[in-house]
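Asks: okay, here's the prediction I keep looking at, along with the sequence it came from:
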There are 2 protein chains.
Amino acid sequence: MARTASLSGFPEWLPQERLVELHVLDTLRKTFELHGFSSIETRAVETVGQLLRKGEIDKEVYGLSRLQDDEGEDATSNKADPNALALHFDLTVPFARYVVENAGYLAFPFRRYQIQKVWRGERPQEGRAREFTQADIDVVGDGELPFRYDVEIALVIAEALSALPIPDFRLRINNRKLAEGFYRGIGLTDTAGVLRSIDKLEKIGAAKVAELLKGELGATDEQAALALELAGIRTEDTSFVERVRALGVKDDLLEEGLNELQQVIEAAVQRAPGKVIADLSIARGLDYYTGTVVETVLVGHEQLGSICSGGRYDALASKGNRKFPGVGLSIGLTRLVSRILSQELATASRSVPTAVLVALNSDDSWYAAQDIAAQLRGRGIATEVAAKAEKFGKQIKFADRRGIPFVWFTDDHGKHQVKDIRSGEQVDADPASWAPSEEDLHVRITTA
Amino acid sequence: MARTASLSGFPEWLPQERLVELHVLDTLRKTFELHGFSSIETRAVETVGQLLRKGEIDKEVYGLSRLQDDEGEDATSNKADPNALALHFDLTVPFARYVVENAGYLAFPFRRYQIQKVWRGERPQEGRAREFTQADIDVVGDGELPFRYDVEIALVIAEALSALPIPDFRLRINNRKLAEGFYRGIGLTDTAGVLRSIDKLEKIGAAKVAELLKGELGATDEQAALALELAGIRTEDTSFVERVRALGVKDDLLEEGLNELQQVIEAAVQRAPGKVIADLSIARGLDYYTGTVVETVLVGHEQLGSICSGGRYDALASKGNRKFPGVGLSIGLTRLVSRILSQELATASRSVPTAVLVALNSDDSWYAAQDIAAQLRGRGIATEVAAKAEKFGKQIKFADRRGIPFVWFTDDHGKHQVKDIRSGEQVDADPASWAPSEEDLHVRITTA
């Protein structure tokens, strides 16, 4: 299993690995649908103008051009041409475009999940791929969106992640209003600049962030110290509110942010105990967040980076005066699945969907074998028919090699038997009623 | 619903349309897995060298280049550089590459299904998109692959298509060996050239094909007439064998092809009656087919083109002397779904997964409402909770606008009632046991 991708940054799974990924995909879909989220997909391609609209200059975007283009276009011109096509690098920007385009056909608040591949032309490195799958949920309102959806989205994601075969996790939640209000309150007006510096805290440490704040943003020692004190607050309950207040900063936006974050944490303590913390160091790089911001770590795998991120965006999508505020979270599905596979956190109980191989007595018995297979499939039992009437020992070996647990035999008098090739046990069986145990009916994903 | 895609050739579905597509995807997956096919996905990207290896010059390939590339690469260089990246235009070529790369980890014959998007930079037109989903099944052997898999693949596809909400269909099956042997037998040695001409039969008619055969391939009147007579044979049973023999041509390869096609049609008459015909005009444009070739039409929608094509390829994948012959079929899923949607052949019973909206008495009742929702979800009932304690009439309207059939009320004394907002009927209900009818539990796809 320790294969490396033949094209760096473009992981591909073996069939038994794909079964683990399918289990993750199915589990997320089920959870999202139980919470009333509708599935959509958007095209893989956006115009360059759309993709770079929000100043996403730090994402390496793949431009497209037709190899056989006779009009002499090339990708170099893409950089200049906002109508040129490029692959999307996330699902939020395409979703915002979709909402605006289809607003007349959607019922708001619109709840959607979207599970698709995205592409980033990054230099490949541990935990980063050039092609990977994201699983997003968002709720978008028409004009306004009650804050309660920020609370709900966090709870849905906590429930979805809890259902996956992964280690324990923590949603680390902050609020942009809280942070920006606080910075403003202590006299740092370039709040976006401060956020960008604070975002580097885990990478470069407090001392270097203080230098940045002082050197680049003109903060005083005291301002830098306060900003870092705020970022140091991390609580499992709503006690962060008192700790922030103890810093003595007054600002309306700060109060609004405190109140919002308090609502999220209060609900989480009750409905997802232990899964969510208030972490005032969370900044998120992206410009479009306006309130709640979230990152998620796998406990014991912190160096993997955030496996689920997102937040509230009040102005990402608009159509004239009509605004579509939203809140959403995005699971880094490929990052998660890569980790599950590389550390064998979960494995598939077998490598093929097939439960039964119908063996052939003679080459002529293929039709009769198809009838038996059809009966089994009709009752939901995945079944293959042997292609050649080899010796039974060879047909059993064939099943064994493919990981199929049962082999079905029918003798010339029409007597049926089925053999569990793991135990060797062979019993009489009726194709109209025999079934494997629940355990063997479908591939199961078991955690280590 | 009569929307046009905002980017020509890149269709996107509304949530209620996506439900139809999901139904098609789920149905195919279920059928394929019941027949023992394993899921895989390959990366969207191949090297240009890999993609153009089989001389696929008629596919318009999208090349990739990083917009922010500092090394001055551009897409123009892709045409020359076989290591440049491009989007795959089908799933067969990537699958062949995957098999060769992972041969040491796969159990042969390897049965896989693969449902993914592919891209072609074509000028968009009716029935053709630039981004579309294909659903492929293939069986690939190591060294050899019994012919029986050609028969099986056709039957699996007939079963899969029969399970979809689409009009009746016909698999039109021919065999390259039959055609090539026949052409050779009548003295036409450029058999690939003849196939290419015959492939144009439906487009340009018999007279023009005869001209091509005579003008470009040097056929005599008699040779052209015989080639066209062969292409005119179309039977629902194995009587095509006699009709070919009646043309008086002798050739070993022809005999082999006749025998193979006979096996497929014989099995189909028995196991998929009415779904398969022998159609000796089918040529398929692609070079890599070596035996069975298949196209599929929707009855009454013939002008849509083939909705499922493929065949046997004995030499697509190899690793040194090791050959991996295969046989497979590819369903044009987007083409099918587009047709289902545009002609409303099937519709979703509602537009959201949600069955129940839990209404709020007061803003404080949100937590209690979440408890009720969790109980319902625990029993598989998709449930949303209202975000605001508006007047009940407004909350019912909210459910109605989103297409949610049931609204749940809990009064201040903890008494529960559930209202079917379509009939207006309201009954006492227990969150631990109440369930909607089977019909209302999940979104159903109903055919027109």
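Replies: The structure has been received and is ready for your questions. Numbers count the residues shown, from 1 in each chain, chains lettered A, B, ... in the order given.

Asks: and the stretch 201-350 of chain A, which residues reach chain B?
Replies: For the stretch 201-350 of chain A, the residues in contact with chain B (CB under 8 Å from any CB of the partner chain) are A:Ala267, A:Gln270, A:Arg271. From N, CA and C alone the C-beta is placed, and that goes for glycine too.

Asks: next step: those restricted to helices.
Replies: A:Ala267, A:Gln270, A:Arg271 (DSSP state H).

Asks: I'd like to know which of these are buried.
Replies: A:Ala267, A:Arg271 (16 or more other CB atoms under 10 Å in any protein chain shown).

Asks: so which of the ones in helices among the residues of the stretch 201-350 of chain A next to chain B is the closest to A:Asp400?
Replies: Taking CB to CB as the measure, A:Asp400 lies nearest A:Arg271 of those, at 47.2 Å.

Asks: burial measure for A:Gly49, as a count.
Replies: Number of residues near A:Gly49 (other CB atoms under 10 Å in any protein chain shown) recorded here: 12.

Asks: what helix or strand is the closest residue to A:Arg271 other than its chain neighbours on?
Replies: Spatial nearest neighbour of A:Arg271, excluding adjacent residues (CB to CB, 6 or more residues apart in numbering or on different chains): A:Leu155 at 5.4 Å. Counting by DSSP states H and E, the element that carries A:Leu155 is helix A:148-162.

Asks: next, the buried residues of that helix.
Replies: Those would be A:148-161, for helix A:148-162 by 16+ other CB under 10 Å.

Asks: ok, now which ones touch the closest residue in space to A:Phe110 that isn't next to it in sequence?
Replies: Nearest in space to A:Phe110, with sequence neighbours left out and distances taken as CB to CB, 6+ apart, is A:Val140 at 4.9 Å. By CB atoms under 8 Å, 6 or more residues apart in numbering or on different chains, the contact set of A:Val140 is A:Phe95, A:Val99, A:Phe108, A:Pro109, A:Phe110, A:Arg112, A:Ala317, A:Phe324, A:Pro325, A:Gly326.

Asks: please redo it, this time with the cut-off set to 10 Å
Replies: For A:Val140, the contacting residues are A:95-96, A:98-100, A:103, A:106, A:108-112, A:149, A:313, A:316-317, A:324-328, by CB atoms under 10 Å, 6 or more residues apart in numbering or on different chains.

Asks: restricted to helices, list those residues.
Replies: Going by DSSP H, the helices hold A:Phe95, A:Ala96, A:Tyr98, A:Val99, A:Val100, A:Tyr149 from those.

Asks: ok, and of these, which contact chain B?
Replies: A:Tyr98, A:Val100, A:Tyr149 (CB under 10 Å from any CB of the partner chain).

Asks: secondary structure class of the closest residue to A:Ser39 other than its chain neighbours, three-state.
Replies: Spatially, and ignoring its direct neighbours in sequence, A:Ser39 is nearest to B:Arg18 (5.2 Å; CB to CB, 6+ apart). Reduced to three states with DSSP: H, G, I helix; E, B strand; the rest coil, the structure at B:Arg18 is helix.

Asks: neighbours of B:Arg18, just the number please.
Replies: 22.

Asks: and what of A:Ser239?
Replies: 12.

Asks: that one is in contact with A:Ile265, isn't it?
Replies: Yes. In this structure, A:Ser239 is within contact of A:Ile265 by CB atoms under 10 Å, at 9.3 Å.

Asks: any residues in contact with both of these two?
Replies: Residues touching both A:Ser239 and A:Ile265 by CB under 10 Å, 6+ apart: A:Ala278.

Asks: quick one: the helices in the stretch 51-200 of chain A?
Replies: Counting by DSSP state H, counting those that start in this stretch, the stretch 51-200 of chain A has helices at residues A:75-78, A:92-102, A:148-162, A:176-185, A:191-198.

Asks: I'd like the average pLDDT over the first one.
Replies: Per-residue pLDDT values over helix A:75-78 give a mean of 45.

Asks: the residue nearest the centre of chain A: what secondary structure?
Replies: What sits nearest the mean C-alpha location of chain A, by CA atoms, centre = their mean, is A:Ile331, with 2.5 Å. With three-state DSSP as the basis, A:Ile331 sits in strand.

Asks: quick one, what contacts it?
Replies: Taking CB under 10 Å, 6+ apart as the test, what A:Ile331 contacts is A:24, A:28, A:113, A:115, A:133-137, A:157, A:160-161, A:164, A:296, A:306-310.

Asks: quick one: the nearest residue to A:Asp411 once chain neighbours are set aside and A:Pro273, what's the gap?
Replies: The shortest distance from A:Asp411 to any non-neighbouring residue, by CB to CB, 6+ apart, is to A:Asn361 (6.8 Å). Here the criterion is CB to CB, to the nearest Å. By it, A:Asn361 lies 60 Å from A:Pro273.

Asks: those two: which is more packed in?
Replies: Neighbours per residue, other CB under 10 Å: of A:Asn361 and A:Pro273, the larger number sits with A:Asn361, 16 against 10.

Asks: burial count for the residue in the stretch 101-250 of chain A positioned nearest to chain B?
Replies: Closest to chain B within the stretch 101-250 of chain A is A:Gly121: 3.8 Å, counting by CB to the nearest CB. Other residues near A:Gly121 come to 22 when the count uses other CB under 10 Å.

Asks: repeat for A:Glu302
Replies: 11.

Asks: let me see the contact set for it.
Replies: With contact taken as CB under 10 Å, 6+ apart, A:Glu302 is in contact with A:Arg170, A:Glu202.

Asks: so for the residue nearest to A:Thr27 when sequence neighbours are not counted, what's the pLDDT?
Replies: Leaving out its chain neighbours, the residue that sits closest to A:Thr27 by CB to CB, 6+ apart is A:Ala163, at 5.0 Å. On pLDDT, A:Ala163 comes in at 97.

Asks: tell me which residues touch A:Ala163, please.
Replies: Residues near A:Ala163 by CB under 10 Å, 6+ apart: A:Val24, A:Thr27, A:Leu28, A:Lys30, A:Thr31.
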